[in-house]
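Visitor: Pasted the sequence and its predicted model underneath.
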Amino acid sequence: MNTSHVSIVSNELNLKESQIQAVAALLEQGATIPFIARYRKEATLSLDEVAIISIRDRLVQLEELNNRKESILKSLEEHGHLTEVLKHSVLAAQTLSEVEDIYLPYRPKRRTRATIAKEKGLESLAMMIFSQNGLNPLDQAASFLSAEKEVTTIEEALGGARDILAEIISEDRYARSRLRHLFLTKGYIISRVAQKKEADGTKFKDYYDWKEPVNTVPSHRLLAMRRGEREDILNISIAPDEKESLKILEELFVKGAGEDSAQVRLAAHDSYKRLLSRSIETEIRLATKEKADDEAIRIFAQNLRQLLLASPLGSKPVLAIDPGFRTGCKIVCLDCQGKLLHHDTIYPHLPAKATATAQTIHHLCQQYKIEAIAVGSGTAGRETEAFLKSLNLPPDLQIVLVNESGASIYSASDVARKEFPDLDLTIRGSVSIGRRLMDPLSELVKIDPKAIGVGQYQHDVDQTALKKALDDVVISCVNAVGVDVNRASVELLTYISGLGPQLARNIVAFRNEKGPFRSREELKPVPRLGPKAFEQSAGFLRITDGSNPLDASAVHPESYGIVEIIAKDLNCSLADLMKTTTLKDKIDLARYVTDKVGMPTLKDIMLELARPGRDPRSQFEAFAFESGVEKIEDLQPGMKLPGIITNVTAFGAFVDIGVHQDGLVHISELSNQFVKDPMKIVKVHQKVRVTVLAVDLKRNRISLSMKDVSEKGRRK
């Protein structure tokens with residue numbers, strides 16, 4: 001553990017050094033984020049997952065910076081450049097850009113105009129001019145003329161000297177630092193159309209002639225412009241006012257008004273236009289891209305969390321339908337555990353077969369005691385929903401439209417093929433739709449998060465950073481909910497703290513061979529599930545109706561002894577303690593604080609005893625779109641409709657209103673009040689009521705509003 005890194009992170013995050021040290025030590029020991037946040041609160045002083053992830057990521061960044069410093073110092077030493085002053089400067093640098101600026105003059109480089117000038121013996125002339133001691137550069141240059149070295153004129157000599165000075169100026173770390181700051185604070189991102197081959201209405205048309213301060217450009221706009229540039233539609237540049245840049249260089253390097261200073265001025269201008277402006281622009285492009293990536297990834301991660309934690313219907317028999325017109329609807333019946341019992345194809349949208357289809361639906365609902373019908377929200381979804389509602393089914397049988405984004409990805413995946421090797425893709429898709437209604441989290445973990453459809457420019461951002469962030473979210477959600485170890489799939493178990501793919505497969509194989517686990521202790525014989533993996537995972541694995549009632553809760557086995565002592569003191573069984581509120585009211589937690597178990601853990605235990613294995617997700621509520629509004633042509637400005645948020649971006653929210661095309665609530669229409677961050681107003685899967693502002697049939701676009709026009713600040 002690097003103590004200086006601990007101190008830096010402590011100051012940056014405004015946390016105690018002991019908290020940083022505790023997190024760092026636990027991570028080094030192989031502890032996971034969910035485990036640390038849930039079961040090591042005494043050590044971290046109750047840091048949550050967000051804080052722990054921030055500590056982890058910053059420590060990694062500092063370690064990478066440290067490794068780069070070591071690499072640079074090694075290179076400097078190998079090439080004979082290393083001095084104590086240079087070493088101190090490298091070690092004292094706080095950022096990667098500082099380190100690279102220090103190293104730049106010594107970095108091995110290709111043959112440049114400056115190196116060619118040096119080969120011609122002009123370095124001494126360059127340094128004479130750079131000293132600006134009043135000597136006439138024309139007189140000095142005359143002594144450097146040489147036919148052998150191809151320096152035949154005064155101007156050639158001075159030009160070579162200026163090339164050397166231009167490179168020196170471009171590698172000066174103070175100049176680079178000041179220009180970098182100028183680019184960031186006063187620079188503009190400028191976008192121009194590169195070609196006009198695309199028809200009017202192209203998605204990049206807004207950026208054909210665009211200029212905006214680089215320090216205020218929002219992430220979605222920057223990523224959009226960069227995509228346009230990548231597709232050769234736009235040309236992008238980033239620069240401040242050139243006069244301000246040149247003024248900085250003149251202040252730093254021009255020391256007088258003589259002829260020698262005039263040569264330095266020319267060299268400074270050339271350095272900026274030919275070297276520095278391009279180099280700094282590249283840095284700023286990378287920095288702004290990284291910032292835009294961070295914002296886009298943040299939005300994606302928050303959207304994914306809301307989607308994964310969507311309300312589950314629960315363990316109920318479900319009939320699921322993947323709708324279709326011409327090829328019919330693929331229908332499956334699932335038991336309360338999600339097991340496939342029956343599959344078929346029905347044709348509700350063919351008049352000749354509608355009666356037979358209705359009879360089939362009634363028969364299957366009775367035969368399999370169906371409690372809910374899940375209908376995919378894609379093509380023919382609303383029409384199928386309307387057909388089902390016309391069948392006079394039992395009033396307590398819920399008909400739910402299910403967002404099927406990613407279902408086709410799952411149906412073609414190795415996971416689906418292994419589970420249903422003999423079934424058609426569409427049947428697998430129907431199963432996924434039904435299971436997604438029963439438990440969104442259990443089903444969505446089988447799909448690449450990028451295929452779920454809640455991102456913003458997810459294919460344009462750094463894919464390594466995106467995967468890391470999304471994995472963190474999935475792991476957090478799975479462990480927050482916990483899993484029934486006797487029902488969970490390999491894919492779900494994979495995300496449990498301390499497990500991973502191989503141990504997940506081993507658990508399922510052991511379960512299939514030996515039968516259901518009756519206690520957490522019975523997990524220990526699972527191949528390769530050692531003490532560390534058991535410690536990390538046990539608290540997140542639930543066993544219902546097992547031999548120990550605590551196994552159905554989030555109480556960690558390491559704390560069972562405390563609970564048993566409490567039960568003994570109250571002269572009751574564990575089961576009675578968990579069921580009886582009056583018994584829990586008698587507990588004085590202060591009596592049970594020890595060196596290893598503090599008040600945070602004891603309070604968590606009490607919460608678990610009150611609601612063993614509680615599900616943090618909200619209760620499922622049925623939702624219905626507006627009857628009779630099924631396609632975009634049905635929309636009229638002014639309509640007020642129910643909808644569900646499907647995606648939140650930096651510029652607003654997309655809402656499904658049941659017409660097979662999501663509408664956009666622009667950030668300016670989210671509220672009567674000013675909105676800076678849409679995430680603070682809406683979230684994915686939130687049920688909302690919107691007003692239709694405009695419908696563009698040609699571009700297939702719907703503009704919506706969530707403003708309350710009855711409020712004082714209503715829209716004019």
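Guide: Nice, thanks for sending it over.
Visitor: what's the helix or strand containing residue 76 packed up against?
Guide: Residue 76 belongs to helix 49-78 when assigned by DSSP states H and E. Secondary-structure packing of helix 49-78 (3 or more C-beta pairs under 8 Å, 6 or more residues apart in numbering; DSSP states H and E): helix 3-13, helix 17-28, helix 33-39, helix 84-92, helix 96-103. C-beta: built from backbone N, CA, C; applies to glycine.
Visitor: The residue lying closest to residue 338 once chain neighbours are set aside: neighbouring residues, count only.
Guide: In space, and not counting its chain neighbours, residue 338 is closest to residue 435: 4.8 Å by C-beta to C-beta, 6 or more residues apart in numbering. For residue 435, the count of nearby residues is 28 (other C-beta atoms under 10 Å).
Visitor: same thing with the one 4 residues further on?
Guide: Taking other C-beta under 10 Å as the neighbour definition, residue 439 ends up with a count of 21.
Visitor: now residue 494
Guide: Residue 494 has 21 nearby residues by other C-beta under 10 Å.
Visitor: just residue 292 next, same as before
Guide: Count around residue 292 with other C-beta under 10 Å applied: 25.
Visitor: State the helix or strand in which residue 211 lies.
Guide: Using DSSP H and E, residue 211 sits within strand 209-213.
Visitor: re earlier: just want the angle from the helix holding residue 76 to helix 84-92.
Guide: Put simply, helix 49-78 runs at 160 degrees to helix 84-92, going by axes from the mean of the first three to the mean of the last three C-alpha atoms, to 10 degrees.
Visitor: how much distance is there from helix 49-78 to the middle of the chain?
Guide: 22 Å (C-alpha atoms, centre = their mean, to the nearest Å).
Visitor: who touches the closest residue in space to residue 369 that isn't next to it in sequence in this structure?
Guide: Take residue 369 and drop its neighbours on the chain: the residue closest to it by C-beta to C-beta, 6+ apart is residue 317, 5.3 Å away. The contact partners of residue 317, by C-beta atoms under 8 Å, 6 or more residues apart in numbering, come to 333, 334, 335, 336, 368, 369, 370, 371, 372.
Visitor: Any chance of the backbone angles for the last one?
Guide: Geometry field for residue 372 lists phi and psi as phi -160, psi 150, criterion degrees, to the nearest 10.
Visitor: quick one: pLDDT of it?
Guide: On pLDDT, residue 372 comes in at 95.
Visitor: count of residues packed around it?
Guide: Count around residue 372 with other C-beta under 10 Å applied: 21.
Visitor: Hmm, it is touching residue 393, no?
Guide: No: with contact defined as C-beta atoms under 8 Å, residue 372 does not reach residue 393; the gap is 10.7 Å.
Visitor: Mind listing the shared neighbours of those two?
Guide: With C-beta under 8 Å, 6+ apart as the test, residue 372 and residue 393 both reach residue 399.
Visitor: List the contacts of residue 420.
Guide: Residue 420 is in contact with 340, 427, 428, 431, counting by C-beta under 8 Å, 6+ apart.
Visitor: what two of those residues are the furthest from one another?
Guide: Spatial extent of the contacts of residue 420 (C-beta to C-beta) is set by the pair 340 and 428 at 9.4 Å.
Visitor: Could you check which of these two is surrounded by more residues?
Guide: Higher neighbour count among residue 340 and residue 428: residue 428, with 26 against 19, using other C-beta under 10 Å.
Visitor: For that one, give me its contacts.
Guide: 410, 411, 416, 419, 420.
Visitor: Can you tell me which of those residues comes closest to residue 33?
Guide: Among the contacts of residue 428, and counting by C-beta to C-beta, the member closest to residue 33 is residue 410, at 26.4 Å.
Visitor: measure the closest one to residue 113 for me?
Guide: From residue 410 across to residue 113, the span is 58 Å (C-beta to C-beta, to the nearest Å).
Visitor: More neighbours: which of these two?
Guide: A count of neighbours by other C-beta under 10 Å puts residue 410 above the other of residue 410 and residue 113, at 25 against 17.
Visitor: Okay, and that one sits in which element?
Guide: Using DSSP H and E, residue 410 sits in helix 407-411.
Visitor: For that helix, what is the distance to the chain centroid?
Guide: For helix 407-411 - counting by C-alpha atoms, centre = their mean - the centre lies 22 Å from the chain centre.
Visitor: Using CSV, list the CA coordinates for it.
Guide: Listed next in CSV are the C-alpha coordinates belonging to helix 407-411 (Å, rounded to 0.1, in the frame of the first residue of the first chain):
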residue,chain,number,x,y,z
ALA,A,407,-34.6,-10.7,-26.1
SER,A,408,-33.4,-11.5,-29.6
ILE,A,409,-29.8,-11.2,-28.4
TYR,A,410,-30.5,-13.7,-25.6
SER,A,411,-32.4,-16.1,-27.9
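Visitor: quick one: contacts of it?
Guide: Helix 407-411 has contacts (C-beta under 8 Å, 6+ apart) with 322, 376, 416, 425-426, 428-429, 432-433, 436, 443, 446-448, 451.
Visitor: switch to 10 Å and redo it
Guide: Defining contact as C-beta atoms under 10 Å, 6 or more residues apart in numbering, one finds that helix 407-411 is touched by 322, 376-378, 404, 416-417, 420, 423-433, 435-436, 443-444, 446-448, 450-452, 491.
Visitor: hey, which helix is longest across the chain?
Guide: Ranked by residue count under DSSP state H, the longest helix found in the chain is helix 277-308.
Visitor: Give me the buried positions along that helix.
Guide: 277, 279-281, 283-285, 287-289, 292-293, 295-308 (16 or more other C-beta atoms under 10 Å).
Visitor: How about stretch 155-171?
Guide: Here stretch 155-171 shows 156-171 as buried, counting by 16+ other C-beta under 10 Å.
Visitor: got the buried residues for stretch 207-224?
Guide: Neighbour count says stretch 207-224 has 207, 208, 210, 212, 214, 217, 219, 220, 221, 222, 223, 224 buried, by 16+ other C-beta under 10 Å.
Visitor: Do me a favour and get the end-to-end distance for that stretch?
Guide: This stretch, stretch 207-224, spans 9 Å end to end (C-alpha to C-alpha, to the nearest Å).
Visitor: Residue 149 touches residue 121, doesn't it?
Guide: Yes: using C-beta atoms under 10 Å, residue 149 makes contact with residue 121 at a distance of 5.8 Å.
Visitor: Would you double-check that residue 128 falls in a helix?
Guide: Yes: per DSSP: H, G, I helix; E, B strand; the rest coil, residue 128 lies within a helix segment.
Visitor: how near is residue 644 to residue 556?
Guide: From residue 644 to residue 556 the distance is 37 Å (C-beta to C-beta).
Visitor: picking that back up, touching both of residue 149 and residue 121, which residues are there?
Guide: Residues touching both residue 149 and residue 121 by C-beta under 10 Å, 6+ apart: 157, 160.
Visitor: Chain neighbours aside, what residue packs nearest to the spatially most central residue of the chain?
Guide: By C-alpha atoms, centre = their mean, the chain has its centre lying nearest to residue 297, at 3.3 Å. Spatial nearest neighbour of residue 297, excluding adjacent residues (C-beta to C-beta, 6+ apart): residue 469 at 4.8 Å.
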